[in-house]
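Engineer: Just a sequence and a predicted model for now, questions to come.
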Amino acid sequence: MSTSSASSPSGAARLFAAAVLLALLAPAAVRAQTTATAKPLPPREVFGLADDRPTPPAKPAPTAPSQRLGLALRAVPQVALAPVDLEALRAADKVRHDDGKVLRYGVGRAVRAAAQDGSWYRLADGRRLWVLDVASPGALGLRLHLRDLRLPAGAEIAVYAAADEPAAAGAAGRLALYAADQPGLGREVWTPTVLGERARIEYLAPAAGSAGLPFAIDRVQHLYLDPIARLFGKDAGSCNNDVSCYPEWANVAKAVGGLGTVFDDSSLFCTGQLLNDGAGDHTPYFLTANHCLSAPADASTAEVFWLYQTASCGGAPPSLATVPRSAEATLLATGVPSDFTLLMVEGTVPRNLFWAGWTAGAVPTGTHSAGIHHPSGDYKRISFGDRAQNPVCGGNNNNHVRVNWTNGVTEPGSSGSGIFRADTQQLYGQLHCGPSACDAAASDRNDAYGAFAATYPNISGLLAAGSDDTFAGNISCAAARGVPPGVYNNLVAKSAAPDWFRLKVDPGRTFTVSVNFNNSWGDLDLAVYLGCNPQPLATSAGSGNTESVTVINAGSTPVFFRWQVYLHDDTRNTYTMTVAVN
């Protein structure tokens, strides 16, 4: 038996093996799967969970089309906007905050960018590359709004900071890619943040594509406050505590992330945290506040900034360029009474985070507590206080809890951050509002948190376990599910539970399995085995949105092929699987 393998970003890996495989289980058919699975009874509390995923072998970083093609870009044309009135923005920000703890850090601006504004490069194979820079002077970062997306087959868009070389942008994870074969790509998208005042966009058009651009650039978010640095060169209030000075909270701190969204044509910054579930399967549930984010369209713009904290007590915070980020989320549940929103983080979740524990039980008055948050969008801080009664804002004792601060406070940017019991380190609410500030009177050093006990009935089913598909349980070769040829939609792969399948193929027949997914939401790989032999016959492990394996049964008897769909990185992703025998 011999095999050969190849994989590419387009997912056209063709792998031929002399193998033995059994007869078809059923004629070719198209079958749709739904994400429904029996859930265990919801727990009333769980404890925190560390990320124990092993580090995988490194893969080449994704690159912009110009880098892959070896194309040296000439002077790139630029569409530049007029400078913004920073003083006017700052004056407006001083009066726009009430008791809420949301921070505005960017403002929307109209932009017109047409095909004739960029440079076109004609490639030897007939394809064309279009390049343009969009500049908003003085911006600390930019997000571009792409609308009317209708990418033809083979088309691709890349967005990165114009100050970066394309290769450097990919290596640092600062490159956003959109491709025609990317599942779930809608008609509009807000790109993740690119640093600096110039964003570069490349469009790779297929040879048979029509002239012009199959999208429009109509808005830009001009980030004038750095959500991962200082507020106008000013730190958060001096009464806040560096979370790294409290090593007993080191794990919980790694669950907390800064949350950037686009709402009402402004960029808003809040805080949130990963929550563990009853199965401990690293599903990226992310809890924040309803007043931070409450609509599916808002969730699609979400950008989570992870691990923005000092490496040691009093140390220098990291630079924005080194902070890992996850782009895009799905809204799972939200509610006004307890001011909660639960998201599924879709973009790849970095390693070495933590999933916070929580309790839906009663938390007695006087319970020592801690809040971990990003005050004024600054690096991560921790505040200490005691559970109290009679919140001064947000709601009553049935749906909110009050915390009286004894050491530290919260600020705009802290909204959505959790309050944790000091004894068990379990979350029991998320920040809604309050008068606290470093310069507040002692009587005003308190805040109101939406009570997790009031939120819990709305999300208990979700927190029982991360959602799975109808093949749930197929997590080993021995438990591989038999599937006939067909198309299977809405399948779920988890880092804690890779998917296994099996099929018998007759002698002389060719077996092909392909998986299609959004690579920016987690890189899936594919491996085919003869029975449960430890070494695969063939693998497909590219960096695109499709992985595919083809194996020929050149033997004289039918034999089982088994295959595994697994995550190279991230903790969860969905995919479509196509199985064919010819």
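Structural biologist: On my side now, so go ahead.
Engineer: just checking, Val84 touches Tyr224?
Structural biologist: Yes. Using Cβ atoms under 8 Å, Val84 is in contact with Tyr224, at 6.5 Å. Bear in mind the C-beta positions are built from the backbone N, C-alpha and C, glycine included.
Engineer: Among the two, which residue is more densely surrounded?
Structural biologist: Tyr224 (21 against 16; other Cβ atoms under 10 Å).
Engineer: which residues are in contact with the helix or strand Lys94 falls within?
Structural biologist: Here Lys94 is covered by helix 86-96, with elements defined by DSSP states H and E. With contact meaning Cβ atoms under 8 Å, 6 or more residues apart in numbering, helix 86-96 is reached by Arg104, Val107, Gly138, Tyr224, Phe232.
Engineer: I'd like the average pLDDT over that helix.
Structural biologist: Average pLDDT, helix 86-96: 82.
Engineer: do stretch 433-450 as well
Structural biologist: Across stretch 433-450, the average pLDDT comes to 96.
Engineer: Same check on stretch 465-478?
Structural biologist: The model assigns stretch 465-478 a mean pLDDT of 94.
Engineer: gap between that stretch and the chain center?
Structural biologist: Offset of stretch 465-478 from its chain centre (Cα atoms, centre = their mean, to the nearest Å): 22 Å.
Engineer: Touching both of Val84 and Tyr224, which residues are there?
Structural biologist: Val107, Gly138, Ala139.
Engineer: Of the residues you listed, keep whichever come out buried.
Structural biologist: Those of these that meet the buried threshold are Val107, Ala139, by 16 or more other Cβ atoms under 10 Å.
Engineer: quick one: which of the shared contacts of Val84 and Tyr224 is nearest Ala124?
Structural biologist: Nearest to Ala124 among those, counting by Cβ to Cβ, is Ala139 at 36.7 Å.
Engineer: Does that closest one touch His222 like I think?
Structural biologist: Yes. Taking contacts as Cβ under 8 Å, Ala139 lies within contact range of His222: 4.7 Å.
Engineer: anything in contact with each of those two?
Structural biologist: Residues touching both Ala139 and His222 (Cβ under 8 Å, 6+ apart) are Val84.
Engineer: Any stretches of the chain with poor pLDDT?
Structural biologist: 1-41, 96-99, 164-173, 226-235, 320-321 (pLDDT under 70).
Engineer: Can you tell me the element the residue sitting nearest the centre point of it falls in?
Structural biologist: Within the chain, the residue whose C-alpha comes closest to the C-alpha centroid is Gly347; the distance, by Cα atoms, centre = their mean, is 2.3 Å. For Gly347, there is no helix or strand it lies in under DSSP H and E.
Engineer: Likewise for Gln67?
Structural biologist: helix 65-68.
Engineer: cool, Ala250 as well?
Structural biologist: Going by DSSP H and E, Ala250 is part of helix 250-253.
Engineer: how about that helix as CSV, C-alpha atoms only?
Structural biologist: This file holds the C-alpha atoms of helix 250-253, laid out as CSV (Å, rounded to 0.1, in the frame of the first residue of the first chain):
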residue,chain,number,x,y,z
ALA,A,250,-4.0,34.7,37.8
ASN,A,251,-6.2,32.0,36.3
VAL,A,252,-9.5,33.9,36.5
ALA,A,253,-7.7,36.9,35.0
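Engineer: for it, which positions count as buried?
Structural biologist: Asn251, Val252, Ala253.
Engineer: Touching, the last one and Val243? I think so.
Structural biologist: Yes. Using Cβ under 8 Å, Ala253 and Val243 qualify as a contacting pair, with a distance of 4.7 Å.
Engineer: What distance do you get for Tyr178 to His432?
Structural biologist: Between Tyr178 and His432 the computed distance is 35 Å (Cβ to Cβ, to the nearest Å).
Engineer: Neighbour count: these two, which is higher?
Structural biologist: Neighbours around Tyr178 and His432, counted as other Cβ under 10 Å, are more numerous at His432. The numbers are 29 against 20.
Engineer: For His282, see how far away that one is.
Structural biologist: In this view, His432 and His282 are 28 Å apart by Cβ to Cβ.
Engineer: residues in contact with Ala176?
Structural biologist: Ala158, Val159, Tyr160, Thr191, Pro192, Val194, Ala327, Ser520 are the contacts of Ala176 under Cβ under 8 Å, 6+ apart.
Engineer: Mind checking what secondary structure the last one has?
Structural biologist: Secondary structure state of Ser520, per DSSP: H, G, I helix; E, B strand; the rest coil, is helix.
Engineer: what distance separates the following helix or strand past the helix holding Lys94 from the centre of its chain?
Structural biologist: Counting by DSSP H and E, the element after helix 86-96 in chain order, helix or strand, is strand 103-113. Offset of strand 103-113 from its chain centre (Cα atoms, centre = their mean): 22 Å.
Engineer: Could you do stretch 463-478 as well?
Structural biologist: 21 Å.
Engineer: What would that stretch look like as CSV? C-alpha coordinates only.
Structural biologist: Extracted in CSV, the C-alpha atoms of stretch 463-478 (Å, rounded to 0.1, in the frame of the first residue of the first chain):
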residue,chain,number,x,y,z
LEU,A,463,-24.4,26.1,30.0
ALA,A,464,-25.1,22.4,30.4
ALA,A,465,-22.6,21.7,27.6
GLY,A,466,-21.4,23.2,24.4
SER,A,467,-23.7,22.4,21.5
ASP,A,468,-22.9,19.5,19.3
ASP,A,469,-24.3,17.7,16.2
THR,A,470,-26.4,14.6,15.8
PHE,A,471,-23.2,12.5,15.6
ALA,A,472,-22.2,13.5,19.1
GLY,A,473,-20.1,10.8,20.8
ASN,A,474,-18.0,9.9,17.8
ILE,A,475,-14.8,11.1,19.5
SER,A,476,-12.6,8.0,18.9
CYS,A,477,-11.7,5.6,16.1
ALA,A,478,-13.6,2.9,17.9
